[in-house]
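generate a structure from the sequence data that follows.
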Amino acid sequence: MTEQELTEFMEKNKAAILDASRAAIIEKIKDSMKWSLPDTVNQTVNSFLTNEIAPEIGRMLKEQKGVILEAAKKSAVALSDKLATTMMEQVTKSLDGYRAEEVFKALLGIKSRY
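The predicted model follows:
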C-alpha cells in the first residue's frame, strides 16, 4: 500500500476509525476503573474505619468496661457450673454398682474387704 492509498483509505474510513478508537479508549477506561476504583474505595473505607469509627468504638468500650467485665465474670461462673454439672453427670453414668461402692468406700475411708 502506497502513501497515497493509505491516505485515501484513512479519509474514506475516517468516521469508522474514530468510532473504533473512541470505543477502544472507553473500554480501556472501563477496565482501568474496574481494577483501580475498588482499591480506591477500599482505601477510603479503611481510612474512615481506622480514623473515625475505631476511636469511637474504643471510647464506647471504655465507658462500658465495668458492665463488660461483669458479664464476662458471670459467663465464666456459668460456664464452670455447667462444666462441673456435666462432669458429675458423666461420672455418675460411668459408675456401675461395684465401682460406685469402691468410690464411696474410698471417700469415707473404709478399707475394701479384698
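
OK, contacts around K62?
With contact set as C-beta atoms under 8 Å, 6 or more residues apart in numbering, K62 has no partners. (C-beta placed from N, C-alpha, C; glycine too.)

what helix or strand does it sit in?
helix 54-63 (DSSP states H and E).

and if you look at S47?
With DSSP H and E as the criterion, S47 is inside helix 14-48.

okay, the angle between that helix and helix 54-63?
20 degrees (axes from the mean of the first three to the mean of the last three C-alpha atoms, to 10 degrees).

any idea how far helix 14-48 is from the chain center?
Helix 14-48 has its C-alpha centroid displaced from the chain centroid by 30 Å (C-alpha atoms, centre = their mean, to the nearest Å).

could you do stretch 54-73 as well?
On C-alpha atoms, centre = their mean, the centre of stretch 54-73 falls 21 Å from the chain's centre.

do the same with stretch 46-64
18 Å.

same deal with stretch 59-78?
23 Å.

report pLDDT for the spatially most central residue of the chain.
In the chain, the residue lying closest to the centroid (C-alpha atoms, centre = their mean) is N46, at 14.9 Å. Looking at N46, its pLDDT reads 90.
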